[in-house]
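1. no FASTA, just this:
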RNA sequence: CGGGGUGUAGCGCAGUCUGGUAGCGCACCUGCAUGGGGUGCAGGUGGUCGGCGGUUCGAAUCCGUCCACCCCGACCA
């Protein structure tokens, strides 16, 4: 391709509302163009990159026997009503009506459609197992789209679904899928980890996320520095703390007018936060519950949802908390709560002795409380978010490290959630009707492009890992309009590179050299050949890798073979 | 949804407080020079000042309303 026929639409200006580097660079390099909140046009340059991601994903899906399909973006409400998600899915689900006032949604995911497909078409258990996948545009009406295509409303996703007669078959495909995902991200040259994850709104039990490691990531992952334990901090556990062995002291009630926060409580009573049990009122599927965690711990709402066996848990509003407990916020504690109010205590908070907490009436706190002696110990559960440096829950040797990551893939063992609610069943070999056992597996294709930039850039722009690059090599001709020798040499190189099976971008614009260099670096082409009079006189062309500090002179007749070697070799493709 | 902020040329912004009919940089076009790291000089093109309504002799500016976009929202439990 020649830049004279492939406008780059790059920009020197840094867009005002782009907060993270991938967003800025995608706009500046002319990969995407915003047309509304969370809505982007993929320009030709950006689409080339996304297509390369898609191709690798497609090859790996095909490689484990996946069958590509394409399902409709617009889905009838009826299917979602059958699965129960029409009412469970919140405002993220974009709903609309057609001219007949029938309800539809724009698919944020396709479990319902694929399950409907299989229940219609599947004839016999002998056809199982089956895996289908598609690469398609999804829509989720995010509360706050941000970070460009990283959290867009409309985005491209590869979603796959597998169907099985038994759990063992599901687990085999799940392992295959884990392998395929690992190969995808390895081939993309990304640093990533797979981590244990919460299943969230999709449902099911076992799930793992694939996280591209990046400081700008919206997720936190905890991983062990000694073994291979890794999990999203939404559900990561740590080695239990040793319960306090301190002898019980006499409980005392202290006046604490106007004291609300743990910090204020500690200062007023001369305590440190780990001597405090804080009491959090939450609403679990609309029903109040009180949760107790140590003063220096953070309540983890995902864990709370598991402990309370609720679909959704949120913090109670002040009026809800007051209505549920009869106690003003800040003074709630294990004593003085209404009977029948659900309560759960975190393991660590349950192990505290002589702790302080709200007195259950305004302006008073207790100190030296002990479970059982002063208040019955509620059911215990893991409710806290782990911190860096805590012991690994698996190996008893390592310590947890906390990293940030960008979720680019998520695989789930769904089980029968959709097949049972949607009545997708098949006769087994004994003639018994069995619900299909399902798995589902997603890759955020458009997000991968942004994640790759987060990991591979410098102050000049993008540095594409070779497998993602929109072009393999940039040819920069200098002064071609004044030097027939340059024009001829550039044209010849361009043709030879194409004949060699490479995809070159020839910057044949009549522009200053600096402009061309800056653009080629901004858009991140991994290799660059400069064709100029200076080198031609010496019979050489200048070669420079995007990651290299220095250029090197290569004899004209060796350039093609040198490039073929470097573009093909792993060492030249691992950028940054 | 709550709080805050911003809408002025393709992009980034000033002008708004104190009303008088719109400006700067980049980009773009033309000419000349330059020609291996975003070049220089000169001359140009381009704006319903987010929409609607109001106040006023006069509104980008004041008032009302609507819209769009951006940022922040448990850890007072």
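-> Arrived safely. Keep in mind the model is a prediction, meaning the values are calculated, not measured.

2. could you measure from residue A:193 over to residue A:423?
-> 38 Å (Cβ to Cβ, to the nearest Å). Bear in mind the C-beta positions are built from the backbone N, C-alpha and C, glycine included.

3. check residue A:537 too.
-> The gap separating residue A:537 from residue A:423 is 78 Å, by Cβ to Cβ.

4. same thing with residue A:395?
-> From residue A:395 to residue A:423 the distance is 44 Å (Cβ to Cβ).

5. same question for residue A:188.
-> From residue A:188 to residue A:423 the distance is 39 Å (Cβ to Cβ).

6. okay, these two: which has more neighbours?
-> residue A:188 (23 against 13; other Cβ atoms under 10 Å).

7. got a list of what the more buried one touches?
-> Residue A:188 makes contacts with A:53, A:56, A:448, A:452, A:465, A:467, A:468, as judged by Cβ atoms under 8 Å, 6 or more residues apart in numbering.

8. pLDDT value on residue A:318, please?
-> The score at residue A:318 is 78. That number is its pLDDT.

9. how about it: what's its closest non-neighbour residue?
-> residue A:329 (5.6 Å; Cβ to Cβ, 6 or more residues apart in numbering).

10. if we can go back for a sec, tabulate the contacts of residue A:188 (a markdown table), appending distance to RNA strand B, pLDDT and secondary structure.
-> Listed next are the contacts of residue A:188 as a markdown table, based on distance: Cβ to the nearest atom of the strand, whole Å; pLDDT from 0 to 100; DSSP: H, G, I helix; E, B strand; the rest coil:
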| residue | distance to RNA strand B | pLDDT | secondary structure |
| --- | --- | --- | --- |
| A:53 | 24 | 97 | helix |
| A:56 | 29 | 98 | helix |
| A:448 | 20 | 96 | helix |
| A:452 | 20 | 96 | helix |
| A:465 | 20 | 96 | coil |
| A:467 | 24 | 96 | helix |
| A:468 | 20 | 97 | helix |
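
11. out of the residues you listed, which is nearest to residue A:157?
-> Of all the contacts of residue A:188, residue A:448 has the smallest distance to residue A:157: 10.1 Å, by Cβ to Cβ.

12. next one: the closest one relative to residue A:215, how far apart?
-> Distance of residue A:448 to residue A:215, computed by Cβ to Cβ: 17 Å.

13. who has more neighbours, these two?
-> Legend: neighbour count by other Cβ under 10 Å for residue A:448 and residue A:215, higher for residue A:448 (29 against 12).

14. surely that one touches residue A:54?
-> No - the pair residue A:448 / residue A:54 is not scored as a contact, 9.5 Å apart, by Cβ atoms under 8 Å.

15. what secondary structure does residue A:243 sit in?
-> What DSSP: H, G, I helix; E, B strand; the rest coil gives for residue A:243 is coil.

16. where does pLDDT dip in chain A?
-> A:199-205, A:569-576 (pLDDT under 70).

17. quick one, longest strand in it?
-> Looking across chain A with DSSP state E, the single longest strand is strand A:400-415.

18. relative to it, what are the paired strands and their orientations?
-> strand A:207-213 (antiparallel), strand A:219-224 (antiparallel), strand A:437-444 (antiparallel) (DSSP bridges).

19. redo those strands as a markdown table? Include mean neighbour count.
-> Below are these laid out as a markdown table (neighbours: other Cβ atoms under 10 Å):
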| stretch | mean neighbour count |
| --- | --- |
| strand A:207-213 | 25 |
| strand A:219-224 | 21 |
| strand A:437-444 | 26 |
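
20. those: which one's closest to residue A:125?
-> strand A:437-444 (11.1 Å).

21. and the residue of the stretch 201-350 of chain A found nearest RNA strand B, how far from residue A:281?
-> When distances are taken as Cβ to the nearest atom of the strand, the stretch 201-350 of chain A reaches nearest to RNA strand B at residue A:330, 2.6 Å away. To residue A:281, residue A:330 is 11 Å away according to Cβ to Cβ.

22. next one: residue A:131
-> 44 Å.

23. need the contact list for the one residue sitting closest to the centre of chain A.
-> By Cα atoms, centre = their mean, the mean C-alpha position of chain A lies nearest to residue A:407, the distance being 1.5 Å. Listed by Cβ under 8 Å, 6+ apart, the contact set of residue A:407 reads A:209, A:210, A:211, A:217, A:218, A:219, A:444, A:447.
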